[in-house]
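**Student:** Quick one, fold the following:
(chains A and B)
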Amino acid sequence: MEAANYQVDLGNLMAYDPTHHFQSIPSSREELTKECLQKGTELVQAIANALFSLPSTEDPDGPLVRLPQPTTKLPREKHFPKPKPPTKWEQFAKMKGIKNRKKDKRVFDDQTGTWKRRHGYDRVNDDKDVPIIEAKMTDEPGEDPFSKRKEEKKKRVEKQEKNRLQNLKQAMKADALPSHVQLAATALPITGTQSKAPKKASKVELENVAGMAATSTASGGKFDKKLPGERPPKHSGKYRKFLPVVEGKGMGSQEKQQTDKILNKLMAKASMDILDVDKAVTMFNVKGEKKRRKDKDQERSSKSSKFESKKKQSKGRDASSSSSKLKTKKKPMKKSSKKKQ
Amino acid sequence: MLRIKTPKTHKAKRELEKRAPKLVENGKKTLFLHGTKTSDVLNAVLAQFFHLKRDNAIRYTKKNENIRLFESGGEASLEFFSVKTDCSLFVFGSHSKKRPHNLVLGRMYDHHVYDLVEVGVENFKPLESFTYDKKLAPKAGTKPLFAFIGEGFESVEELMHLKEVLLDIFRGEVVESLNLAGIDRVFVCTAISSTTVLFTHCALRLKRSGTSIPRMELVEVGPSMDFVVRRHRLPNDSLKKEAMKTVAHQPKKKMKNVKSDAVQGKIGKIYMPDQQVGDMPLSHKVKGLKRERREAKMKSTTKEDDQPKKRKIDSP
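**Tutor:** Prediction:
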C-alpha cells in the first residue's frame, strides 16, 4: 500500500495523510462521511501495521507493547521544577569541606544500658532519662539544672525553626519551594503601620454593655426582666447632686461655702484692678484728640454749607434734613454730651 | 512576617504533590465551561465531549459572565478556575447572534492562557443518534487513535493549530506501554475546506486477516460534527519556546537491590524473613507413615474439617 505517504506518530497513536485532497466534495452528508471513514480506515490500518509489528510481551490482559516517544511536540503543562538553592548550612559545609557521614539510626545508650534511637521519641541521652546532674563550681546557686537543660533545648529548637524559615524564604525567591510547603503571611506586609486586627469583645465587656443597655430605660431598668448572666449596672442611681439650700451644719453649710468661695474670687479680682491709672490717662488723651479733630471738621463743613444753602431751599426741607451734612453736625454734639457725663 | 504552612493530612499533601511542576508530567486535565448563553447544540457538545474525557476532566455547568476570551482582561476568571481545578486544557462554549454555536478550545501554560482556537459547530449529530452493536462501544479511558486527513492541516495555519489542539485535548496521558487489546476508538478529522473540519468519533472493530496484524474496521459511534474555524490566537514565541522545552534524558527510576559487579556480573539482593521452623504446619502426606495410617489420618482430617462447618450451621 501507499503507507509511505502517511505520517505515523506512534507515541500519540496518530496518523496523518497530508496528500489527500477532495476532487469534489460530495453533496450529501452520508457520502461525505462514508468517504472520510474509508480514508480513516486506511490511516488506522497504517497505525495498526506499525503498532502490531512492535515487539510485545504477553500479559494476562493482552499483549503489551512499548510505545516510542511521541514525535509531535506538544507544550508542557507547567514549567520545569526549579533547583533548590543551597541552605545556609550547605553553603557553609561546602566552604569548609564538610561531608555528610552516614550515622547509625540506633545507638547504644550508656545511661540506660540499652540500644536506642539516635533521634526522636525515646532517644538516646533523652532529658527524661537523666536522673542526676552533677553540680559544678560554675553553677549559680538557686538554679534548677533540669529546667535549665529544658530551656536550652527549647532555645535550640526555636533557633532551628528560625533558620528553616530563612532557608525556605530563599527557596521561595528562587521559586523552588517544596510542593507541600506554603509560606503564609501572618501580618500585613506594610511596614511601619501596625494595623491591629479588630479586637474581640471580652465577656466582661459584653456583660457591662448589656447592663448599661438594660438601665437606659426611663425607670433605670427597675421594672425590666433580668436576663440570665446579666450583670447589675456598675453605677446605679443618679450622678447629679444638689446641696441642701437650707442652712445648717455639715452638708447644710456646704452650699453657703460654695457660693462664698465664688463671690470672694470675683471680689478679690475686682478690688485689685478697680482703676488702672495709666489706662485711664491714655483713654482721656485719645478722646481729647478725637474731639479736637471733629471740631475742625465741623468748622469746614459749616463754611461750605453756606454756598449750598440756596440750592437746598429750592429742593425742600425734607430732603435736606436727611442729608449727611446735617447728620455730621449732630454727631459731635452727642459725643460731647457723653464726655460731660 | 511569614509562617510555614504545611498540609495537615497526608491526603492534602499528596494532592499538592500532584499539582506541583514535575519533570515528567502527568496527563493534562480538561475543564468544560459555559459562557453567558449556550444553545442546545452546545450543551450537548460539551456534555458529550465531557463524557468522552470523563476520566480526566471537570465540567462546570454554571454560566460564566466574566470569561471573554480573545478580549483583554477576559481571562482572569478562567485562570482562577485553572488554578483551582489544576486543569490546563479547556473547552468553552458560548452562543451569540454573531457567533452561533461557538466553541473555544484552548490550552494553558503555568495557569495562563497559552493559545486559543475558536470554532463554530455545525451539522452536529449526538451520540444517541447512532445505532451500532453496543458491544463495540469504546470503554471509558482507553487511549484513542487519531486519523487526520487532508492537506489543509499542513497548508492552512488555523487548521494546523486546530489539529495540534485537538490532539492535545483528546490524546490523554502519554504512556510508555500500551495494551493492544485496549485500542477501541479513533477520532477521524477531515479537512473538507480551508476552514471546515469534519470531526467524528468511531469505534474500532479488529477482524482476523490471517496475519498477526488484524484488519481494522471503523464503526461510527458519535458524536460527529463540523468545526468551522473562526478566530485563533497562537502563543507568542518566547512563551512557546519555554513551554516546548524537553528533558534531554529522562531520569531513570532508582533500581534497588541490584548491583553490577565486574567479575560476577549482575548481583541481586534478596531479603527473606526468618524461617519459623517450629511454627510451620506439617502436611499430613508424610511419606514416612505407612499407607494405612496415612489413609486413616486423611479420613480423620476430612471428618474434622466437616464437623466445624456443621457446628457453624447449628450454632445460630
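**Student:** Give me the mean pLDDT for stretch B:144-161.
**Tutor:** For stretch B:144-161, mean pLDDT rounds to 92.
**Student:** Name the residues of that stretch that are buried.
**Tutor:** Neighbour-count burial for stretch B:144-161, counted by 16 or more other Cβ atoms under 10 Å in any protein chain shown, picks out B:144-154, B:156, B:158-159, B:161. All C-beta spots, glycine's among them, are computed from the backbone N, C-alpha and C.
**Student:** Is there a neighbour count for the residue in the stretch 101-250 of chain B positioned nearest to chain A? I'd like the number.
**Tutor:** Chain A sits closest to residue B:181 of the stretch 101-250 of chain B, with a gap of 2.9 Å, by Cβ to the nearest Cβ. By other Cβ atoms under 10 Å in any protein chain shown, the residues close to residue B:181 number 13.
**Student:** try residue B:107
**Tutor:** The burial count for residue B:107: 23, using other Cβ under 10 Å.
**Student:** quick check, it in a strand?
**Tutor:** Yes. The assignment for residue B:107 is a strand, going by DSSP: H, G, I helix; E, B strand; the rest coil.
**Student:** surely it meets residue A:78?
**Tutor:** No. The pair residue B:107 / residue A:78 is not scored as a contact, 12.0 Å apart, by Cβ atoms under 8 Å.
**Student:** what is in contact with these two at once?
**Tutor:** When contacts are counted by Cβ atoms under 8 Å, 6 or more residues apart in numbering or on different chains, residue B:107 and residue A:78 have residue B:88 as shared neighbours.
**Student:** show me where chain B has helices.
**Tutor:** Ranges of helices in chain B, per DSSP state H, are B:10-19, B:40-52, B:76-85, B:152-155, B:157-170, B:237-243, B:291-314.
**Student:** export those to JSON lines and tack on distance to chain A?
**Tutor:** Formatted as JSON lines, these follow (distance: least, Cβ to the nearest Cβ, whole Å):
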{"stretch": "helix B:10-19", "distance to chain A": "5"}
{"stretch": "helix B:40-52", "distance to chain A": "15"}
{"stretch": "helix B:76-85", "distance to chain A": "10"}
{"stretch": "helix B:152-155", "distance to chain A": "5"}
{"stretch": "helix B:157-170", "distance to chain A": "5"}
{"stretch": "helix B:237-243", "distance to chain A": "4"}
{"stretch": "helix B:291-314", "distance to chain A": "32"}
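**Student:** Worst mean pLDDT among these?
**Tutor:** Looking at the helices of chain B, the weakest mean confidence is helix B:291-314, a mean of 63.
**Student:** residue contacts, the residue of the stretch 151-300 of chain A found nearest chain B?
**Tutor:** Residue nearest to chain B within the stretch 151-300 of chain A (Cβ to the nearest Cβ): residue A:179, separated by 3.3 Å. Residue A:179 is in contact with B:16-17, B:19-20, counting by Cβ under 8 Å, 6+ apart.
**Student:** what about the chain, any weak spots by pLDDT?
**Tutor:** Because you didn't say which chain, this covers chain A. Along chain A, the parts satisfying pLDDT under 70 run over A:1-4, A:187-198, A:229, A:231, A:233-237, A:269-274, A:304-341.
**Student:** that's the wrong chain, I meant chain B
**Tutor:** Applying pLDDT under 70 to chain B flags residues B:284-286, B:302-316.
**Student:** what are the ranges of the strands in it?
**Tutor:** Secondary structure of chain B (DSSP state E): strands located at B:2-5, B:30-34, B:57-63, B:89-94, B:102-109, B:112-125, B:145-149, B:177-179, B:185-191, B:196-207, B:215-233, B:258-261, B:265-268.
**Student:** Which of those sits closest to residue A:225?
**Tutor:** strand B:2-5 (47.8 Å; Cβ to Cβ).
**Student:** elements contacting the closest one?
**Tutor:** helix A:145-173, strand A:182-185 (3 or more Cβ pairs under 8 Å, 6 or more residues apart in numbering or on different chains; DSSP states H and E).
**Student:** those helices in the stretch 151-300 of chain A, which residues are they?
**Tutor:** In the stretch 151-300 of chain A, the helices defined using DSSP state H, counting those that start in this stretch lie at A:203-214, A:251-272, A:277-315.
**Student:** thinking again about what came up before, excluding sequence neighbours, find me the nearest residue to the residue of the stretch 151-300 of chain A closest to chain B.
**Tutor:** Leaving out its chain neighbours, the residue that sits closest to residue A:179 by Cβ to Cβ, 6 or more residues apart in numbering or on different chains is residue B:20, at 3.3 Å.
**Student:** Can you tell me which of the strands of chain B is most buried?
**Tutor:** Stretch with highest mean neighbour count among the strands of chain B: strand B:145-149 (a mean of 27; mean count of other Cβ atoms under 10 Å in any protein chain shown).
**Student:** check whether that strand contacts chain A.
**Tutor:** Yes. With Cβ under 8 Å from any Cβ of the partner chain as the measure, strand B:145-149 is seen reaching chain A through B:145-149.
**Student:** Could I get the phi/psi values of the residue nearest to the residue of the stretch 101-250 of chain B closest to chain A when sequence neighbours are not counted?
**Tutor:** Computed as Cβ to Cβ, 6+ apart, the closest residue to residue B:181 that is not its neighbour in sequence is residue A:62, at 2.9 Å. Per-residue torsions, residue A:62: phi 150, psi 170 (degrees, to the nearest 10).
**Student:** these two touch, right, residue A:62 and residue B:182?
**Tutor:** Yes. Between residue A:62 and residue B:182 there is a contact at 6.9 Å, judged by Cβ under 8 Å.
**Student:** In CSV: the helices and strands packed on strand B:2-5, plus distance to chain B and mean neighbour count.
**Tutor:** Formatted as CSV, those follow (distance: least, Cβ to the nearest Cβ, whole Å; neighbours: other Cβ atoms under 10 Å in any protein chain shown):
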stretch, distance to chain B, mean neighbour count
helix A:145-173, 6, 13
strand A:182-185, 4, 12
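**Student:** residues near residue 257, how many?
**Tutor:** In the absence of a named chain, this looks at chain A. Neighbour number of residue A:257 under other Cβ under 10 Å is 9.
**Student:** Oops, wrong one, chain B.
**Tutor:** Neighbours of residue B:257 under the rule other Cβ under 10 Å: 9.
**Student:** measure residue B:146 to residue B:227 for me?
**Tutor:** 15 Å (Cβ to Cβ, to the nearest Å).
**Student:** Identify the residues contacting the residue most central in space within chain B.
**Tutor:** In chain B, the residue lying closest to the centroid (Cα atoms, centre = their mean) is residue B:172, at 4.2 Å. When contacts are counted by Cβ under 8 Å, 6+ apart, residue B:172 touches B:27, B:55-56, B:141, B:143-144.
**Student:** Same list, those residues, but only the ones touching chain A.
**Tutor:** Among these, the ones lying near chain A by Cβ under 8 Å from any Cβ are B:143-144.
**Student:** can you pick the most crowded of the contacts of residue B:172?
**Tutor:** Ranking these using other Cβ under 10 Å puts residue B:144 first, with 21 neighbours.
**Student:** burial measure for the closest residue to chain B within the stretch 1-150 of chain A, as a count.
**Tutor:** With Cβ to the nearest Cβ, the shortest gap between the stretch 1-150 of chain A and chain B falls at residue A:62, namely 2.9 Å. As a burial measure, residue A:62 scores 14 neighbours (other Cβ under 10 Å).
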